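K.L.:
give me a 3D structure for the following:
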Amino acid sequence: MSKVSNEFAEEIHQTGVNPLNITVRISDDKIRFIIGLLTSRAIAEVESILLAPDFQNIELKATQQKNFTILDKIATELTETELTKNFYLNDMDNITSLNFYTPTAFKTQGEYYFLPDVRLLFQSLMKKYNAIFEGSERIDVELLDEIVKRVTIINFRISSRRYYIHRAYINGFIGRVTLICKGNQTLTNYVSMLLKFGEYSGVGVKTSLGMGAFELTRKGEKTHG
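P.N.:
Numbering: from 1, shown residues only. This next block holds a predicted model:
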């Protein structure tokens, strides 16, 4: 963050939906820093810094300073055009599992809520999607109501997990949640598009700080460790 422009640094601290998020995932004795860049401005400011050959270390400045040597870099891209193909061109499956690998929580009526909830899940995704692609967090409430009516949690295996931010923490949940959409194909495709977007944006509160990260699996697929 110390290398981005002052204007961009100020922007990401002022916007409602942060165009940049950083998630840490530990697996197979390796630490992965997953950095999501959600806007063209974020890409222009940050991508060249991350992919530069001389960027070989990640330094975290906190109460205990840590330095990580970068062993490999992988860049993946999902354009708005590719994302909307799910909606217009494909018949997406109506059963999807979400593997939440960092603590996830929502905020409703001024309080944190840390259980899976269809309305809070898709309300968050719709707000983030509209903020990134349309410049407004306003959502179609009738469409959200239809999603809540047609989408059901059919299975879950979760546990509570605290997420520490400085000296405080937020309670969240991690684990697997399986959804089924019993709406028409158009609604199923829209739900699938939002969930795919969510793999990049995260869902719920504090996604810019690493909360609310998940990956999708569909029938016949397995999650990655």
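K.L.:
which residues touch the most centrally placed residue in the chain?
P.N.:
Closest to where the C-alpha atoms of the chain average out (C-alpha atoms, centre = their mean) is G202, at 1.2 Å. By C-beta atoms under 8 Å, 6 or more residues apart in numbering, G202 lies in contact with N21, T23, G36, K128, M211, G212, A213, F214. Where C-beta positions appear, they are placed from N, C-alpha and C, glycine not excepted.
K.L.:
tell me the secondary structure at the fifth one.
P.N.:
Just to be clear, that refers to M211. coil (DSSP: H, G, I helix; E, B strand; the rest coil).
K.L.:
got the phi and psi for it?
P.N.:
phi -80, psi 160 (degrees, to the nearest 10).
K.L.:
can you give me the neighbour number for it?
P.N.:
Residues near M211, counting by other C-beta atoms under 10 Å, number 22.
K.L.:
follow-up on the earlier one: ok, now how distant is the spatially closest residue to the residue nearest to the centre of the chain that is not a sequence neighbour from T102?
P.N.:
Leaving out its chain neighbours, the residue that sits closest to G202 by C-beta to C-beta, 6 or more residues apart in numbering is G212, at 3.9 Å. Distance of G212 to T102, computed by C-beta to C-beta, to the nearest Å: 7 Å.
K.L.:
overlap of the contact sets of those two?
P.N.:
Contact criterion C-beta under 8 Å, 6+ apart; residues shared by G212 and T102: G172.
K.L.:
need the contacts of G202 in TSV (columns: pLDDT and distance to L83).
P.N.:
Formatted as TSV, those follow (pLDDT from 0 to 100; distance: C-beta to C-beta, whole Å):
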residue	pLDDT	distance to L83
N21	90	17
T23	92	19
G36	93	14
K128	95	13
M211	96	22
G212	97	18
A213	97	18
F214	97	16
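K.L.:
what's the most distant pair in those residues?
P.N.:
Greatest spacing in the contacts of G202, by C-beta to C-beta: T23 and K128 (14.7 Å).
K.L.:
higher neighbour count, these two?
P.N.:
Taking other C-beta under 10 Å, T23 and K128 do not tie; K128 has more neighbours (26 against 20).
K.L.:
report all helices and strands that the one helix or strand the more buried one maps to contacts.
P.N.:
According to DSSP states H and E, K128 maps onto helix 118-134. Contacts defined by 3 or more C-beta pairs under 8 Å, 6 or more residues apart in numbering; DSSP states H and E place helix 118-134 against strand 106-108, helix 141-150, strand 151-165, helix 185-201.
K.L.:
tell me the most buried of the ones you listed?
P.N.:
helix 185-201 (a mean of 20; mean count of other C-beta atoms under 10 Å).
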